[in-house]
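K.L.:
Could you look at this predicted model? Sequence included:
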Amino acid sequence: MSAFSEAALEKKLSELSNSQQSVQTLSLWLIHHRKHARTIVNVWLNELKKAQVSRKLTFLYLANDVIQNSKKKGPEFTQDFAPVIVDAFKHVYRDGEEGCKKQLGRVLSIWQERAVYENNLLEQLSQVLYGEKKAKKRPYEEIRPNDEDFASQSSPAEPPQTAELIRALQELENAASGDSVLRQRISSLPAEVQDTSLLHRITDKESGERLSRLVEEACMLLADFSGRLAAEIDDRRQLTRTLTVFLQSQKDGLTQNEQKLDEYKRKLARVTQVRKELRVRLNNLPGGLYNSSK
């Protein structure tokens, strides 16, 4: 990949289009140069504010792609976007095209599902779009341990509670893989939006613009579904880990209870023997209190 410089980044941002390929290509370049994350974020914000209204939302799509796909490489972008992302949302929502609220809401919902940021920052973003605080589904990160603190929360002394596992399983009932309506919409996408060899059918501007709208809708639909599926994968992995800890705690509890049962059986046997011998002794005393039937 080409060397990094602010001038090179500005040029690439000026050439950024709303196509998925353009966003993903630049995203990969930025992630490759993640050691310059802070500079990248600053230039990105400046260029976002200077961009034409029709391109502002694309800058948010780029940030979304970078934030989500850079996490496995390191936390640089997640951390460096955090201080400016609320300002960016406000700017795009205020100065963006009509209808951008819906697209921003989709980005935010993906970040909420994937727990990209802490709840307080997500709440600030929600207030930018919706004003007052909205009641929302309990975030899954409150149920499952995340990667960083999994070890500390999954110690034998603090096993996950049964109620927490039930809630986690209930969360997965609405997971992306079970969304038959959305899967049907994706399977019903016209062939023209999925096959470049069919582009020769476009013979006039009107048909081209119509296909362009279909392609953009398909990109958002697939990006949204992909994000939800990725979130579901993360959640299922975390739930698997949580279940592993829970099962281990149950096995430990079973072993301890079996040991206690053996101990109390021995105690019961000793007490029963004492009772038996005590009755014999009492019956042998003058005016014995017990007879042989007792």
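P.N.:
Nice, I can see it. Residues are numbered from 1 along each chain as shown.
K.L.:
so where is the stretch 151-294 of the chain shaky, pLDDT-wise?
P.N.:
The model of the stretch 151-294 of the chain has pLDDT under 70 over residues 151-161, 164, 170-171, 173-174, 176, 224, 227-228, 287-294.
K.L.:
Against residue 180, how distant is residue 233?
P.N.:
Note on residue 233: its distance to residue 180, by CB to CB, to the nearest Å, is 19 Å. Just so you know, the C-beta spots here come from the backbone N, C-alpha and C atoms, and that holds for glycine as well.
K.L.:
Of the two, which one has the most company?
P.N.:
Taking neighbours as other CB atoms under 10 Å, residue 233 and residue 180 compare with residue 233 leading, 13 against 8.
K.L.:
longest helix in the protein, by residue count?
P.N.:
When the chain is parsed with DSSP state H, its longest helix is helix 205-284.
K.L.:
Which other helices and strands does that one contact?
P.N.:
Helix 205-284 is packed against helix 53-69, helix 100-113, helix 162-171, helix 180-187, with contacts defined by 3 or more CB pairs under 8 Å, 6 or more residues apart in numbering; DSSP states H and E.
K.L.:
got the angle for it vs helix 162-171?
P.N.:
Put simply, helix 205-284 runs at 150 degrees to helix 162-171, going by axes from the mean of the first three to the mean of the last three CA atoms, to 10 degrees.
K.L.:
Helix 205-284: how far from the chain's middle?
P.N.:
20 Å (CA atoms, centre = their mean, to the nearest Å).
K.L.:
Confirm for me that residue 230 is in contact with residue 71.
P.N.:
No - with contacts counted by CB atoms under 8 Å, residue 230 stays clear of residue 71, the gap being 10.5 Å.
K.L.:
Check the burial of residue 127 by counting its neighbours.
P.N.:
Neighbours of residue 127 (other CB under 10 Å): 15.
K.L.:
ok, residue 73 to residue 30 distance?
P.N.:
Residue 73 is 11 Å from residue 30, by CB to CB.
K.L.:
And the two? Which one has more around it.
P.N.:
Between residue 73 and residue 30, counted using other CB under 10 Å, residue 30 has the larger neighbour count: 25 against 11.
K.L.:
ok, back up a step: taking helix 180-187 as reference, get the angle to the longest helix of the chain.
P.N.:
Using the same axes, to 10 degrees: helix 205-284 against helix 180-187 is 150 degrees.
K.L.:
now helix 205-284 and helix 100-113, what's the angle there?
P.N.:
For helix 205-284 against helix 100-113, the angle by the same axes, to 10 degrees is 30 degrees.
K.L.:
got the angle for helix 205-284 vs helix 53-69?
P.N.:
Going by the same axes, to 10 degrees, helix 205-284 makes 30 degrees with helix 53-69.
K.L.:
from the helices and strands packed on helix 205-284, which stretch is densest packed?
P.N.:
Compared across these, helix 53-69 shows the largest average neighbour count, a mean of 20 (mean count of other CB atoms under 10 Å).
K.L.:
what's that helix packed up against?
P.N.:
Taking 3+ CB pairs under 8 Å, 6+ apart as the contact cut, helix 53-69 packs with helix 20-32, helix 37-50, helix 76-95, helix 100-113, helix 205-284.
K.L.:
got the CA positions of that helix in CSV?
P.N.:
These are the backbone C-alpha positions of helix 53-69, laid out as CSV (Å, rounded to 0.1, in the frame of the first residue of the first chain):
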residue,chain,number,x,y,z
VAL,A,53,-23.7,17.7,1.8
SER,A,54,-24.3,14.6,-0.4
ARG,A,55,-20.9,13.1,0.7
LYS,A,56,-21.0,13.7,4.5
LEU,A,57,-22.9,10.5,5.3
THR,A,58,-20.2,8.5,3.4
PHE,A,59,-17.6,9.8,5.8
LEU,A,60,-19.6,8.2,8.6
TYR,A,61,-19.8,4.9,6.7
LEU,A,62,-16.1,5.0,6.4
ALA,A,63,-15.6,5.6,10.1
ASN,A,64,-18.0,2.8,10.9
ASP,A,65,-16.0,0.4,8.6
VAL,A,66,-12.7,1.4,10.1
ILE,A,67,-13.9,1.2,13.7
GLN,A,68,-15.4,-2.2,13.4
ASN,A,69,-12.7,-3.8,11.2
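K.L.:
what residues are up against the residue most central in space within the chain?
P.N.:
Of all residues in the chain, the one closest to the mean position by CA atoms, centre = their mean is residue 114, 2.1 Å from it. Residues near residue 114 by CB atoms under 8 Å, 6 or more residues apart in numbering: 68, 227, 230, 231, 234.
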